[in-house]
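S.K.: Following is a predicted model, sequence given first.
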Amino acid sequence: MKQHFTRGLLHGIPIALGYLSVSFGFGILAVRAGLAVWQATLISAACVTSAGQVAGVGLLAAGGGLAELALVQLTINLRYALMSLSLSQKTAESFSLPKRLLASFGITDEIFAVCAAEPVPLTFSYMAGVILVSVAGWLAGTALGAAAGEILPERISAALGIVLYGMFIAIVIPAARRRRGVLFAALSAAAIHLLLRFLVSSLSGGFSVILATLAASSASALLFPTEGKKEDA
Amino acid sequence: MNFYLALFVMAGVTYLIRMLPFAFFRKKIESRFIRSFLDYVPYAVLAAMTVPAVFSSAGGTIPSAFGAAAALVLAWFDLPLIVVATAAALAAYLAGFFF
């Protein structure tokens, strides 16, 4: 058990380093949207999801409703359901229900990736190790970014507002280059969202993201069905 | 919107999405459409969240556009996330002096 935990901690280190910078970007955005450092950090601690948190903070700032907030989280974070489903198939016998309830809190894209790559059945100790280190990085980055957003001169903090979007671009573009389905999904989502924003101005930001995502992903799934072996979301 | 209520909703929905399949589901998804759909969702979400928000993310539209262009080019050449993101901010920062 001890070895599993240590192995998990080690596997969490690169994730934590990556998270530091992503959550730094989130911290900056949150403060610019009017939240305090502790609020940004609390959101990171409770959610552990980059895109969902960004959308949530945006809705908070724009004054959206709770139902919209819930729907936005559901759509943006729906991919976790697939990852959780996939991981649930490779858990060790010792992975009891209470442990599942705890560990599922930390299933993110990156944690899913290392867990899916484990050659042995997943233990709670291993997942706990990965999650502890990764979430520590996530929280530290958020607090640092939020604090920086409050301290840095306006010109610099404004420029840093683009950091998180830069990361989104860095995630989408390489995948879109390699897979036509991803390219189509990304381009059509961007185009549909743009159209909705300009043509249907009564539609709020959260709902237009949902509509664009559902339409683009469905169209891409019909036109470019995946082979169905890997769930590398 | 009350902050704590919003926090509770965000965290609750996100947790349930992760917890229910991990704790209670045991079957594989067979539908090819649903698997493909779920596979494309993250990219579609990120693209929709980025466009058009990125163009007002770094102050003015023009500096933001410079930042976005820098990110696109570097991402195309597969540079690491942190490099792409930093370069976007740097490009926007520098462009901010001119536009």
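M.R.: Yes, it's here.

S.K.: okay, stretch B:78-85 in PDB with CA atoms only?
M.R.: What follows is stretch B:78-85, C-alpha atoms only, in PDB (Å, rounded to 0.1, in the frame of the first residue of the first chain):
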ATOM      1  CA  ASP B  78       3.500  21.400 -30.800                       C
ATOM      2  CA  LEU B  79       5.300  23.600 -28.200                       C
ATOM      3  CA  PRO B  80       4.500  22.700 -24.600                       C
ATOM      4  CA  LEU B  81       1.400  24.300 -23.000                       C
ATOM      5  CA  ILE B  82       3.400  26.600 -20.700                       C
ATOM      6  CA  VAL B  83       5.500  28.000 -23.600                       C
ATOM      7  CA  VAL B  84       2.400  28.600 -25.700                       C
ATOM      8  CA  ALA B  85       0.600  30.300 -22.900                       C
END
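
S.K.: Name the residues of that stretch that are buried.
M.R.: Buried residues in stretch B:78-85, counting neighbours by 16 or more other CB atoms under 10 Å in any protein chain shown, are found at B:79, B:81-82, B:84-85. Yep, even glycine has a C-beta here, placed from its N, CA and C like the rest.

S.K.: Does chain B have contacts with the helix or strand residue A:210 falls within?
M.R.: Taking DSSP states H and E as the criterion, residue A:210 maps to helix A:205-223. Yes: against chain B, helix A:205-223 shows contacts by CB under 8 Å from any CB of the partner chain at A:208-209, A:212-213, A:216-218, A:220-222.

S.K.: Next, format these as a markdown table and append neighbour count.
M.R.: Formatted as a markdown table, the residues of helix A:205-223 next to chain B follow (neighbours: other CB atoms under 10 Å in any protein chain shown):
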| residue | neighbour count |
| --- | --- |
| A:208 | 20 |
| A:209 | 29 |
| A:212 | 27 |
| A:213 | 28 |
| A:216 | 27 |
| A:217 | 27 |
| A:218 | 18 |
| A:220 | 29 |
| A:221 | 23 |
| A:222 | 11 |
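
S.K.: How about residues contacting the helix holding residue A:210?
M.R.: Contacting residues not belonging to helix A:205-223 are listed as A:55, A:58-59, A:62, A:64, A:68-69, A:71-72, A:75-76, A:181-182, A:184-186, A:188-190, A:192-193, A:196-197, A:200, A:203, B:33-34, B:36-41, B:44-45, B:47-49 [CB atoms under 8 Å, 6 or more residues apart in numbering or on different chains].

S.K.: Restricted to helices, list the residues you listed.
M.R.: A:55, A:58-59, A:62, A:68-69, A:71-72, A:75-76, A:181-182, A:184-186, A:188-190, A:192-193, A:196-197, B:33-34, B:36-41, B:44-45, B:47-49 (DSSP state H).

S.K.: pLDDT averaged over stretch A:36-48, what's the number?
M.R.: pLDDT averaged over stretch A:36-48 equals 97, rounded to a whole number.

S.K.: Residue A:227 falls within a strand, correct?
M.R.: No: applying DSSP: H, G, I helix; E, B strand; the rest coil, one finds residue A:227 to be coil, outside a strand.

S.K.: how close does it get to residue A:167?
M.R.: Counting by CB to CB, to the nearest Å, the gap between residue A:227 and residue A:167 amounts to 27 Å.

S.K.: The two: which is more packed in?
M.R.: Under the criterion of other CB atoms under 10 Å in any protein chain shown, the comparison of residue A:227 against residue A:167 puts residue A:167 first, with 27 against 9.

S.K.: which parts of stretch B:18-29 are buried?
M.R.: By neighbour count, and taking 16+ other CB under 10 Å as the criterion, the buried residues in stretch B:18-29 are B:18-19, B:21-23, B:29.

S.K.: And the contacts of it?
M.R.: Outside stretch B:18-29, the residues that reach it (CB under 8 Å, 6+ apart) are A:77, A:80-85, A:87-89, A:97, A:100-101, A:103-105, A:107, B:35, B:38.

S.K.: again, only using 7 Å
M.R.: Outside of stretch B:18-29, the residues that reach it under the criterion CB atoms under 7 Å, 6 or more residues apart in numbering or on different chains are A:80-81, A:84-85, A:87-88, A:97, A:100-101, A:104-105, A:107, B:35.

S.K.: Now list the buried members of the residues you listed.
M.R.: Neighbour-count burial (16+ other CB under 10 Å) applied to the contacts of stretch B:18-29 gives A:80-81, A:84-85, A:87-88, A:100, A:104-105, A:107, B:35.

S.K.: What count of nearby residues applies to residue B:88?
M.R.: Using other CB under 10 Å, residue B:88 has 33 other residues around it.

S.K.: that's a strand at it, yeah?
M.R.: No: secondary structure of residue B:88, determined by three-state DSSP: helix, with no strand assignment.
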